[in-house]
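K.L.:
Structure of the sequence below:
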Amino acid sequence: MATTRRDLLKLGAGAAASLAMPGYALGQQGGLISRPIPTTGHEVPIIGIGTARRYDVGPDEAERAPLREVLGAYSQLGGTVIDTAPSYGSAEEVCGDIVRELGNRDELFIATKVSLRGRSGRDAGIAQIQESMRRFGTEYIELMQIHNLNDWRTQLELLREWKDEGRLGNIGITTSFDRQYADFESVMREPGLDTIQVDYAIDNRGAEDRILPLAAERGLAVLVNLPFSRGRTFERVGPRPLPDWAAEYGIESWAQYFLKWVVSHPAVTVAIPGTAKLEYLIDNLGAARGAMPDQAARRRMVSYFESL
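P.N.:
From the prediction side, this is the model:
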């Protein structure tokens, strides 16, 4: 049987224990480490929220309730980055509805995407961006990304124009597929980009070879998706306790171990783990506080993980 993150939290003394403490109050956790987007100077906390799959719940209020709790708590705890896309089913609409209900739009850094599956063209891009803005009740999006390089030439020209007009704060490109890396590198060299988004995890280090160094060279911020490798990292460690030396870096759970390893890479700006439960949110944000592993510690973390 695969070990789930919930199983590991039950075994640990990290976020789950904090949530159970009487009188626990949001906002008592201290500040989150943040980093700037080099080209624009926008500061973002190093842990964000990804919404693929988990926020595709449609109008069901029972399924929306825990998501509302997460998005409300996230901004109270100092978080800002919510990453979504029109192609994530109903996720973008659900996020927009919740943000408007909570009234915390101005506190957030919304990152969404031009996500044209089977379509192309300037008009299609404009229509989709306008719909994203409608969903969030805004005329400005902090980060608009070209999803998986779809129709990137046309859409990049459009995004540059909208950024120049002040309707977009930052523009970027994304991929979650190693097979796209060669093309991705070529697009990274195009002028006007502020960010990239790429898959990267302790068991998925392909981006280290060329993508992350090129991002640093080009001065591009890096958002990391799939930092838990779709749960495979938790399956690998199973019910094992953390190594004793992890405490040197304030690591109290395996999620924090994996996230701190990701965000301690000098080219990485923010990791965006999928987060749909409050206990996971509290746990994840622990990785945005305290000491960060240096290069020697990162190598030690990989070696230990691979020995399991």
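K.L.:
mind listing the strands in the stretch 101-250 of the chain by residue range?
P.N.:
Taking DSSP state E, counting those that start in this stretch, the strands of the stretch 101-250 of the chain run over residues 109-114, 141-146, 168-174, 195-199, 221-225.
K.L.:
Dump the ones you listed to a markdown table, plus distance to residue 287 and mean pLDDT.
P.N.:
C-beta coordinates here come from the backbone N, C-alpha and C atoms, glycine included. Putting those into a markdown table (distance: least, CB to CB, whole Å; pLDDT from 0 to 100) gives the following:
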| stretch | distance to residue 287 | mean pLDDT |
| --- | --- | --- |
| strand 109-114 | 18 | 98 |
| strand 141-146 | 21 | 98 |
| strand 168-174 | 22 | 98 |
| strand 195-199 | 18 | 98 |
| strand 221-225 | 12 | 98 |
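K.L.:
okay if I get those strands as TSV plus mean neighbour count and distance to residue 232?
P.N.:
Below are these laid out as TSV (neighbours: other CB atoms under 10 Å; distance: least, CB to CB, whole Å):
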stretch	mean neighbour count	distance to residue 232
strand 109-114	27	24
strand 141-146	25	25
strand 168-174	23	21
strand 195-199	25	12
strand 221-225	25	14
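K.L.:
Ok, which of these comes nearest residue 268?
P.N.:
Closest to residue 268 of the strands of the stretch 101-250 of the chain, according to CB to CB: strand 221-225, at 5.0 Å.
K.L.:
What lies in contact with the closest one?
P.N.:
Under the contact criterion CB atoms under 8 Å, 6 or more residues apart in numbering, strand 221-225 has outside partners 35-39, 44, 48, 50, 52, 81, 83, 111, 170, 172, 174, 176, 194-201, 212, 215, 262-263, 267-272.
K.L.:
Of those residues, which count as buried by neighbour count?
P.N.:
Burial by neighbour count, judged by 16 or more other CB atoms under 10 Å, picks out 35, 37-39, 44, 48, 50, 52, 81, 83, 111, 170, 172, 174, 194-201, 212, 215, 262-263, 267-272 from the contacts of strand 221-225.
K.L.:
Filter the residues you listed down to the ones in helices?
P.N.:
212, 215, 262-263 (DSSP state H).
K.L.:
After the host helix or strand of residue 283, which helix or strand is next?
P.N.:
Residue 283 belongs to helix 278-285 when elements are defined using DSSP states H and E. Next along the chain after helix 278-285, taking DSSP H and E as the criterion, comes helix 295-307.
K.L.:
just checking, what packs against that next one?
P.N.:
With contacts defined as 3 or more CB pairs under 8 Å, 6 or more residues apart in numbering; DSSP states H and E, helix 295-307 has these neighbours: helix 232-237, helix 254-263.
K.L.:
where does this structure have low pLDDT?
P.N.:
1-30 (pLDDT under 70).
K.L.:
mind checking how far residue 44 is from residue 219?
P.N.:
Per CB to CB, to the nearest Å, residue 44 is found 15 Å from residue 219.
K.L.:
tell me, how many neighbours does residue 64 end up with?
P.N.:
17 (other CB atoms under 10 Å).
K.L.:
how close does the nearest residue to residue 148 once chain neighbours are set aside sit to residue 107?
P.N.:
Spatial nearest neighbour of residue 148, chain neighbours left out: residue 175 (5.5 Å); criterion: CB to CB, 6 or more residues apart in numbering. Residue 175 is 29 Å from residue 107, where distance means CB to CB.
K.L.:
the more surrounded of those two?
P.N.:
Set residue 175 next to residue 107 and count neighbours by other CB under 10 Å: residue 175 wins out with 22 against 14.
K.L.:
pretty sure that one is touching residue 185, no?
P.N.:
No: using CB atoms under 8 Å, residue 175 is not in contact with residue 185; the gap is 10.4 Å.
K.L.:
My guess is residue 251 contacts residue 259. True?
P.N.:
No: here residue 251 does not reach residue 259: they are 9.1 Å apart, not a contact under CB under 8 Å.
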